[in-house]
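Participant: fold the following and give me the result.
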Amino acid sequence: MLSNQNDEVIEKEIWAKKSVSETCNITKKSEVRSVPDCTIDGENLTLIEALRKKYEEPSNVSGLLIFVPERAPRKTVSGRLILTSNLIMDHQNIIKIGDFSSIKDELKKVADIDFNGNYLSSWEDIFHLITHCPKLHSLNLKRNAGLKVAKLDICIHKYCFDNVQTLVLNALAINWKSLLDILKIFPGIKELYLSENNYNSVSLPIDFKYETLNKLFFNNNGLSSWKEVCKLGRAFPNMESLILIENNLDCLSLNEEDIQELSHYFKSEANFENSYKSLISSYFPSLKMLNLNKNPINGFAELENISHFPKVEDFRGIDIDFLNKYKIKLRRQLTISYLPNIRLLNNSVVGYEERIDAERAFIRHYMDKECKPSRYSELEKKHGKLDKLVNISLKPEETISITIRHGDRTVLERVNPKISVADFKKRVIKPLTSIEPKDMILFHDEKSTESIISRIESNIKPLYSCNIIEGDEIIVYSRHDKS
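Facilitator: Numbering: from 1, shown residues only. Predicted coordinates:
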């Protein structure tokens, strides 16, 4: 398993989708079989033994049945195993590859191999198998602990698999020298998974470059130094996506000593400036997506350094402690404002209007604070000086004073503007005028608008809905009055 749910989802995009399409598609014509017992207690199996156990043996679970598609691995009448393009053999207690001559021809169609969670301990065995898989492009060797100490020296000049594009080496804890040897054997990797390997530092030769890599997963390695992250950029210059979920990165800046050390590699290049921005541009010339979920970043002053990456437009920053202190909307607005180049934040598009609103909210957020970030003056130049937002209450006042006039009599009354016109007639006007509500005709004199007089037609509206406010006058007539 990967170190966290985010990484789990990412990895399963490669393996689960393929295995589901091959082994769980019940829309095609299917046969009913007992569930195979894939939990093998105390058995050490070869690949062929595990295949037969997984797909041939009846289940020990009484009465439990599943649909197995015809495209799943199966055997012919003669007993020969037929494989699909996905060889999914995770957690099968496989201790060695063994003799696979019986499926050698079938391996020609295999494109994906998943050996996650087994006990393989020989690189030579694995590579020998792969030589018979000319279409292979994805290989998952996660959690095969025996490979940590397996020898690679004899394999370096013997094997080369440039067709493999995805390689999962999570939780193997192999050293950096072994990784270098593996990358020589697999020169065309585009997606590399190196999570959960305790790589708290990066020990690659200063002149090492692996130019085919597009995406690197480096999660849960205990990495705490931004200088070490920069070394990854130098080693993989064409990397477009870097996923660093659940490391210990609290600082995304470099001290002078780090800058001097890292700059040494590029000093011979023309136009190189000995600065953080120039260094980041040189180390990460192609990076477009950076994922720092679940890292203990020390505030916006550190997060703002992401703006120095020349091409990063997609940033992921979920479950970061200092950000979690802000409400969701403000958190997003501040992050957008600090990072002027991003177009995707946490996989959600940042549109033009959202950015404008976010930057204006940023200005107002820091407006009254003594210590303003440098970004504040930049945005104030862009948007100008803004007024504070005024909290306007649309609730009617509890009571208002209005004048009630009937004939020559004028009375000042305090009334609740929430009461209906009918209640106003019954409770306030009738006691003053002795006119029955059904006979009343009311006019509203709006004193605040140059005495615009209008008749009040509705009986069910509250007074405030008739725009009756403090200081207005209500003129009362009776239907029986002579006019």
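
Participant: and stretch 248-262, what's buried?
Facilitator: 249, 251-252, 254, 258-259, 262 (16 or more other C-beta atoms under 10 Å). From N, CA and C alone the C-beta is placed, and that goes for glycine too.

Participant: tell me which stretches of the stretch 1-150 of the chain form strands.
Facilitator: Along the stretch 1-150 of the chain, counting by DSSP state E, counting those that start in this stretch, strands occupy 30-34, 45-46, 65-69, 74-75, 81-82, 86-88, 94-96, 112-114, 138-140.

Participant: ranking the ones you listed by mean pLDDT, which is last?
Facilitator: When the strands of the stretch 1-150 of the chain are compared on average pLDDT, strand 30-34 comes out lowest at a mean of 32.

Participant: quick revisit: name the nearest of the buried residues of stretch 248-262 relative to Met367.
Facilitator: Leu252 (26.4 Å; C-beta to C-beta).

Participant: the closest one against Ile306, yeah?
Facilitator: Yes. Between Leu252 and Ile306 there is a contact under C-beta atoms under 8 Å: 6.8 Å.

Participant: rounded mean pLDDT for stretch 126-133, please.
Facilitator: Stretch 126-133 shows an average pLDDT of 97 in the prediction.

Participant: alpha carbons of it, as CSV, please.
Facilitator: Only the C-alpha atoms of stretch 126-133 are listed here, as CSV (Å, rounded to 0.1, in the frame of the first residue of the first chain):
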residue,chain,number,x,y,z
ILE,A,126,12.6,-10.7,-12.6
PHE,A,127,14.7,-9.4,-15.5
HIS,A,128,14.8,-12.9,-17.1
LEU,A,129,11.0,-12.9,-17.0
ILE,A,130,10.8,-9.5,-18.5
THR,A,131,12.9,-10.5,-21.5
HIS,A,132,9.9,-12.5,-22.6
CYS,A,133,7.5,-9.6,-22.3
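
Participant: show me which positions of it end up buried.
Facilitator: Judged by neighbour count using 16+ other C-beta under 10 Å, the buried positions of stretch 126-133 are 126-127, 129-130, 132-133.

Participant: in helices, which of those appear?
Facilitator: The members of the buried residues of stretch 126-133 that map onto helices under DSSP state H are 126-127, 129-130.

Participant: list the contacts for the closest residue to Leu386 other than its chain neighbours?
Facilitator: Distances taken as C-beta to C-beta, 6 or more residues apart in numbering put Ile363 closest to Leu386, at 5.3 Å, once the chain neighbours are dropped. By C-beta atoms under 8 Å, 6 or more residues apart in numbering, Ile363 lies in contact with 376, 379-380, 383, 386.

Participant: ok, back up a step: so what sits against both of Leu252 and Ile306?
Facilitator: Residues touching both Leu252 and Ile306 (C-beta under 8 Å, 6+ apart): none.

Participant: show me where pLDDT drops low in the protein?
Facilitator: Counting by pLDDT under 70, the chain has low-confidence residues at 1-42, 57-80, 266-274, 390-397, 448-451, 482-483.

Participant: any idea where the helices of it begin and end?
Facilitator: Using DSSP H, helices in the chain cover 5-23, 47-55, 123-130, 176-185, 226-235, 256-263, 276-283, 300-303, 321-324, 328-338, 352-366, 374-383, 421-424, 430-433.

Participant: report the angle between the second one and helix 123-130.
Facilitator: By that I understand helix 47-55. On the basis of axes from the mean of the first three to the mean of the last three C-alpha atoms, to 10 degrees, helix 47-55 is oriented at 70 degrees to helix 123-130.
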